[in-house]
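In: coords please:
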Amino acid sequence: MKYGLPYQGSKNSIAPWVVDHLPAAPVLVDIMAGGCAVTHCALLSGKFGRVIANDISDSALFFKEVAEGSMRGYAHVPTREEFHAAKDDDPAIGLLYSFASNRKNYLWSRALEPVKIAASRMLTSPSLHERRRAWLQFVRELDKYVKTTNTPPSKAIERLQRLQGLERLERLEGLEGLERLERLNALQGDYQQVPLPHDCVIYADPPYKDTKCGSYDGFDHNRFTQWLQTVEPLTIISEYTAPPDCTQIAERTKTVKANGYATTKTTERLFVPNHQVETYYARMSEGTLDLDQPKEIMPWHD
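Out: Numbers count the residues shown, from 1 in each chain. Now for the predicted structure:
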């Protein structure tokens, strides 16, 4: 199952594992929600009465809009110029048609752009007439690409087998009708400004230290460390390495793709502040909440 938005640094592949290590609570605050993979999984888990998703970007707000049906009928495939003109104001264009979903760089190379746009529009245009025009354009652009780049036709077809923008759109459409939306509050703002209910558990997924932070470049890790020592509700943190004065409570290895092709293994870890370790294990031993018709969490696999 796919969780959340297609998003750089998404916790999609390990969301069930993360949620499995969060204690049940009346409220979960996904305080740096990113693509909302953990939010999505938590809503399905039945472990939380309510989920608050917050991010400094508009991703949490967009996640809720998508789940409410805002993407229904969406099929615009932008050119490079249209992408750069709209990416900061249109979350759909920014996420669907950016490289690695970073909302900065256009998805396709200049050489393949005309071919992939024509192929995508051939599949998404609303009328038969428009689809036929896109087909003719696709044939012309593919022929031009093969000739100008000296690419064998078989290799060209191989490069066209994936239309990432449409794959991501299909993923967003799969979020429509998400259950338990009445239990979701979406916010946009600084994590330190989020109102924290007294009965909440916090999940924090900051930009990992000493890694490329993408759209979160400039994140102040020292400020985050200071906040961890003063925040009152139980807080579980995702990181590769331990933040200062924190204790590891879980780890797992996952395989990730670099640039969509090469793979590498990384070890994801979960931590809690040292002064909350006993509280964490006590809460984990308490069991689940008595929610109305809770659903079991989806199983996770290495």
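In: ok, and what's touching stretch 111-120?
Out: For stretch 111-120, contacts defined as CB atoms under 8 Å, 6 or more residues apart in numbering pick out 77, 79-80, 106, 108, 134-135, 137-138, 141-142, 144-145, 148-149, 156, 159-160, 163, 165-166. Where you see a C-beta, it was placed from the backbone N, CA and C, and this is true even at glycine.
In: Can you flag which of those residues belong to helices?
Out: Residues of the contacts of stretch 111-120 located in helices (DSSP state H): 80, 134-135, 137-138, 141-142, 144-145, 148-149, 156, 159, 165-166.
In: residues near Leu178, how many?
Out: Neighbourhood size, Leu178 [other CB atoms under 10 Å]: 17.
In: What of Gly4?
Out: 27.
In: mind checking how far it is from Glu158?
Out: As judged by CB to CB, to the nearest Å, Gly4 and Glu158 stand 29 Å apart.
In: same check, this time on Leu5
Out: Remark: distance between Leu5 and Glu158 (CB to CB) = 28 Å.
In: Mind jotting down where the helices sit in this protein?
Out: Along the chain, the stretches classed as helices by DSSP H are 15-20, 37-45, 59-67, 80-86, 91-96, 113-124, 128-149, 153-159, 164-173, 221-228, 277-284.
In: which of the ones you listed sits most buried?
Out: The highest mean neighbour count among the helices of the chain, using mean count of other CB atoms under 10 Å, belongs to helix 37-45: a mean of 28.
In: gap between it and the chain center?
Out: When distances are taken as CA atoms, centre = their mean, to the nearest Å, helix 37-45 is centred 12 Å away from the chain's centroid.
In: What helices and strands are in contact with that helix?
Out: Secondary structure elements in contact with helix 37-45, counted by 3 or more CB pairs under 8 Å, 6 or more residues apart in numbering; DSSP states H and E, are helix 15-20, strand 25-30, strand 48-55, helix 59-67.
In: Save the ones you listed as a markdown table, and put in mean pLDDT and distance to Pro197 too.
Out: Compiled in a markdown table, the helices and strands packed on helix 37-45 are given as follows (pLDDT from 0 to 100; distance: least, CB to CB, whole Å):
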| stretch | mean pLDDT | distance to Pro197 |
| --- | --- | --- |
| helix 15-20 | 94 | 19 |
| strand 25-30 | 96 | 5 |
| strand 48-55 | 94 | 8 |
| helix 59-67 | 88 | 17 |
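In: The ones you listed: which one's closest to Ser125?
Out: Taking CB to CB as the measure, those were each checked against Ser125, and helix 59-67 came out nearest at 22.0 Å.
In: Now do that closest one against helix 164-173: the angle between them, please.
Out: Calculated by axes from the mean of the first three to the mean of the last three CA atoms, to 10 degrees, helix 59-67 forms an angle of 80 degrees with helix 164-173.
In: helices and strands around helix 59-67, which ones?
Out: helix 37-45, strand 48-55, helix 91-96, strand 184-188.
In: of all those, which lies closest to Val27?
Out: Taking CB to CB as the criterion, Val27 comes closest to strand 48-55 out of those, the separation being 4.9 Å.
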